[in-house]
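> here is a sequence together with a model predicted from it:
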Number of protein chains: 2
Amino acid sequence: MKVAVLAGGVGGAKLAHGMANCLPAGALTIIVNTGDDFSHFGLTICPDLDTVCYTLAGIANPVSGWGLRDETFNALDHIQTLNGPTWFKIGDRDLGTHLERTRRLQAGEPLSRVTADFCQRWEVSPLVLPMSDDPVRTIVHTRDGRRLSFQEYFVREACQPAVARFELPGAADAAPAAGVLDALEQSDVIVIAPSNPWVSIDPILAVAGIRGIIERRKALAVSPIIGGQTVKGPAAKMYAELGIDPSALAVARHYQSLLWGFVFDNLDAELEPQIASLGIIPLIEQTLMRSDQDRVMLARKILQFSENRYLRRER
Amino acid sequence: MKVAVLAGGVGGAKLAHGMANCLPAGALTIIVNTGDDFSHFGLTICPDLDTVCYTLAGIANPVSGWGLRDETFNALDHIQTLNGPTWFKIGDRDLGTHLERTRRLQAGEPLSRVTADFCQRWEVSPLVLPMSDDPVRTIVHTRDGRRLSFQEYFVREACQPAVARFELPGAADAAPAAGVLDALEQSDVIVIAPSNPWVSIDPILAVAGIRGIIERRKALAVSPIIGGQTVKGPAAKMYAELGIDPSALAVARHYQSLLWGFVFDNLDAELEPQIASLGIIPLIEQTLMRSDQDRVMLARKILQFSENRYLRRER
C-alpha cells in the first residue's frame, strides 16, 4: 500500500514517523509545508521540513519536537552579545543544516534535491518532498492590522496577536516539487496529518494542482484539535479568532470536500454523528502521540481503516 | 600623537594590539583590508576585520591568531555530515559574528557602522574602520590560469598555486569608508603594518584617495619579511613567484613612494645601506611578535622613531 502524507511541523512529523515504522521502504511519501520557510540572517530556514527530516532521522530534540537533540547554542549566545535577534532559537548543528542548504540553493539547486540528499545522509527512508521548490510565504494578518511572516507570528510573537486572515503570496504561481503530483496520484491512501489546517495544510493545498487531485481522489485527515484544544500550536486559537468554534468538527468541515475519512480523538466521540452527516467516514481513536509507540499505533489504525475502505469498495 | 595603521590579518592585528596598549583612547585608528572578504554559505565573512577586532578585544584564538578562543565547531561538524564544504574553519561563536553582520548588511547598514557597533560591544577602544563599505574582492590569478577568490587561494588551496598576478575588482569604484581619509589626514603617523603587501595592503591603497594622501603625507612601514621569509602567509612566496627576490628590501621598494621610514628585523641589518639609499629612514628592530609584550615593545619603538622624526623636522 502506497501512502502520501501532507504534513506541517511537529504533529505531522510524529505521524510520518509512525507511518515510516509501519510501511516498507518506498511506500511512503511525505509532502511538507514550506509556507513557514523564511530568511533569517541571510539563511533560508525551512522549519517544517527540518522537523519532519530530523524526526524521521531520529535526531530531533525529543522534548521540544523541533531542532536537534544534544544541541549547543554557542552561535546564538554570541549573537546575543552583539545585541542581535535571538527570538528564533537556532542551535549550532541546526545552523549547519541551514548554512549548507542556503549554499546549495544559492548555487541554483532546487530545494527538493537538497532535501533528498540531506535525507540520504540522515538515512531517512521515506521520500520527503517540499510541497514546492518555489517560495510560498505564509503571511498572518493580525486583527491589529499588522502583516507578519509566519515565524514572526509563531515564534517571535508566540502566537499572541489575534489573527484576521492568512495570505499565501507565491502560492498561485508555485509549481509542486517534482514527484508531488505523482505521489498523490499513485498513492492508495492520502493522509492529512494532524497539523494546523490554516497555516500548515492550506499552504500545501494552495500549490497548483494539489487540491484538485485530492478533491478527486479523496483523503483521510487526522484532527489536530482534541477536546476543543490543539496539542501544540495555535490552530484552536485561530479558529476561535476567525469566529469558528474550535473542534474536530470544525476541522472536518475545513477539509470537507477533500475527505473520505476523518480520524478524531476518543474525547470527541460525541461528534461522530455530525461528522458522519458530512458524508465522511469517522474513526474514533486515541490520537494524542506522547510516545514513539503512540505514533506507530495511530499510524497502524489509520492504515487498517484505509484498508477496510478499499475492501468495502472492492466488495 | 594620533596614529593610523593600515592592517591586514594576523600581523596587522598584532601590531594594532601593541599600539592600542601604548596610546590613549581616541588616538588610534586601524584601517583594515576588506579585499579578502567573501560570501560563504550566503554569509558575508570579513576575515581580516574579524582578526583585528577579535585581537583588539582580547578574544582571539591565541594559537591560530584567527577565530575566537574557546571555540566549538559543531555547525561545521554537522556540515561535514551533509558533505558540505568545510575547508573554511568557522567556529560556532565566530558564526554568530558572520550571521549578525550579514543580517545587518542585508538590512542596508554599512559595514563600517556594523563594525563600530560590534567593537563597542567587544569594548575595543581604537577606531576600527573597514577600508571601504563597498565590496572590493581580491582575486588571485594563478600561473596555471585559474582565477581564485582570495580565501579559495589562501585557505582552500593553502597558498599552493603559483601566483601570476592580482586583480582587485571593485577597488576603482570603491569609496573609502567614512572616517578613513580624515584619519589619514589628521594622524601624526601613518603606519603600514607587517601585513602582506600584495593582498593585504595593496587592496587598501587601491581604494580611491588613500594612496594619494599617503604619497603626500608619507608613512612608515614594518616589513612582514624577515630573513627572506614571512612569519605567516605567502608574502615571500608571492615575491619569488613574481620574479622578485623576497626580502625586506623588496618590501621597501614595493612601498617606496609612500614611505619616510621603514622598520625591519635585526636579522636583515645588512640591508640598511640599500634601504637608506631609497631615501627612506631605516629602523632596525626585533620585529617578530611572539608575545603580547613583543607587540607592545615594537609599537613603542615605532612611536619613538616617529616622534624623533617630528623632533628632527621641528628643529
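Received the coordinates, thanks.
> distance from the helix or strand in which A:Ile302 is found to the middle of the chain?
Using DSSP states H and E, A:Ile302 maps to helix A:292-314. Relative to its parent chain, helix A:292-314 has a centroid offset of 20 Å by Cα atoms, centre = their mean, to the nearest Å.
> tell me what the residue nearest to A:Glu157 when sequence neighbours are not counted is bridged to.
In this structure, A:Glu157 finds its nearest non-sequential neighbour in A:Leu148, 6.7 Å apart by Cβ to Cβ, 6 or more residues apart in numbering or on different chains. Quick note: C-beta positions are derived from backbone N, CA and C, even for glycine. Beta-bridge pairing for A:Leu148 (DSSP bridges): A:Val140.
> pLDDT score assigned to A:Leu148?
Looking at A:Leu148, its pLDDT stands at 95.
> isn't there a helix covering A:Leu99?
Yes: secondary structure of A:Leu99 (DSSP: H, G, I helix; E, B strand; the rest coil): part of a helix.
> in contact with the spatially closest residue to it that is not a sequence neighbour, which residues are there?
Nearest non-adjacent residue to A:Leu99, counting by Cβ to Cβ, 6+ apart: B:Phe41, 4.0 Å away. When contacts are counted by Cβ atoms under 8 Å, 6 or more residues apart in numbering or on different chains, B:Phe41 touches A:43, A:99-100, A:102-103.
> next, the closest residue in space to A:Ala240 that isn't next to it in sequence: phi, psi?
Nearest-residue entry for A:Ala240: A:Pro246, 5.3 Å, with adjacent residues in sequence omitted and distances by Cβ to Cβ, 6+ apart. Main-chain torsions, A:Pro246, degrees, to the nearest 10: phi -70, psi 120.
> A:Pro246 and A:Gln229 touch, don't they?
Yes: judged on Cβ atoms under 8 Å, A:Pro246 makes contact with A:Gln229 at a distance of 7.5 Å.
> and for the helix or strand bottoming out on mean pLDDT in chain A, what's in contact with it?
In chain A, the helix or strand scored least confidently by mean pLDDT, DSSP states H and E is helix A:292-314, which has a mean of 89. When contacts are defined by Cβ under 8 Å, 6+ apart, helix A:292-314 is touched by residues A:1, A:3, A:14-15, A:17-19, A:21-23, A:188-189, A:191, A:220, A:222, A:260-261, A:263, A:281, A:283, A:285-289.
> follow-up on the earlier one: now do the shared contacts for A:Pro246 and A:Gln229.
Applying Cβ under 8 Å, 6+ apart, one finds that A:Pro246 and A:Gln229 are jointly contacted by A:Ala236.
> which one of these two has more residues nearby?
Neighbour count, other Cβ atoms under 10 Å in any protein chain shown: between A:Pro246 and A:Gln229, A:Pro246 has more, with 20 against 13.
> residue contacts, the more buried one?
Contacts of A:Pro246 (Cβ under 8 Å, 6+ apart): A:225, A:228-230, A:235-240.
> now with 7 Å?
Counting by Cβ atoms under 7 Å, 6 or more residues apart in numbering or on different chains, A:Pro246 touches A:225, A:228, A:236, A:239-240.
> ok, A:Gly179 next?
Counting by Cβ under 7 Å, 6+ apart, A:Gly179 has contacts A:127, A:129.
> next one: it from chain B, what distance?
Per Cβ to the nearest Cβ, to the nearest Å, A:Gly179 is found 21 Å from chain B.
> with A:Glu272 instead?
The spacing between A:Glu272 and chain B, counted by Cβ to the nearest Cβ, is 47 Å.
> go on, A:Asp268?
For A:Asp268, the distance to chain B - Cβ to the nearest Cβ - is 41 Å.
> could you do A:Gly212 as well?
Applying Cβ to the nearest Cβ to A:Gly212 and chain B gives a distance of 35 Å.
> helix, strand, or coil at that residue?
Strictly by three-state DSSP, A:Gly212 counts as helix.
> need the pLDDT of it.
97.
> just the buried members of the contacts of helix A:292-314?
A:3, A:14-15, A:17-19, A:22-23, A:189, A:191, A:220, A:222, A:260-261, A:263, A:281, A:283, A:285, A:287-289 (16 or more other Cβ atoms under 10 Å in any protein chain shown).
> how close does A:Asp48 get to chain B?
19 Å.
> same thing with A:Met1?
Taken as Cβ to the nearest Cβ, the span from A:Met1 to chain B is 32 Å.
> which residue would be the closest one in the stretch 101-250 of chain A to chain B?
Of all residues in the stretch 101-250 of chain A, A:Thr102 sits closest to chain B, at 4.2 Å by Cβ to the nearest Cβ.
> can you give me the helices in chain A?
All helices of chain A, identified by DSSP state H, fall at A:10-20, A:47-57, A:74-81, A:92-106, A:111-121, A:150-151, A:180-186, A:202-206, A:210-217, A:235-241, A:248-254, A:272-276, A:292-314.
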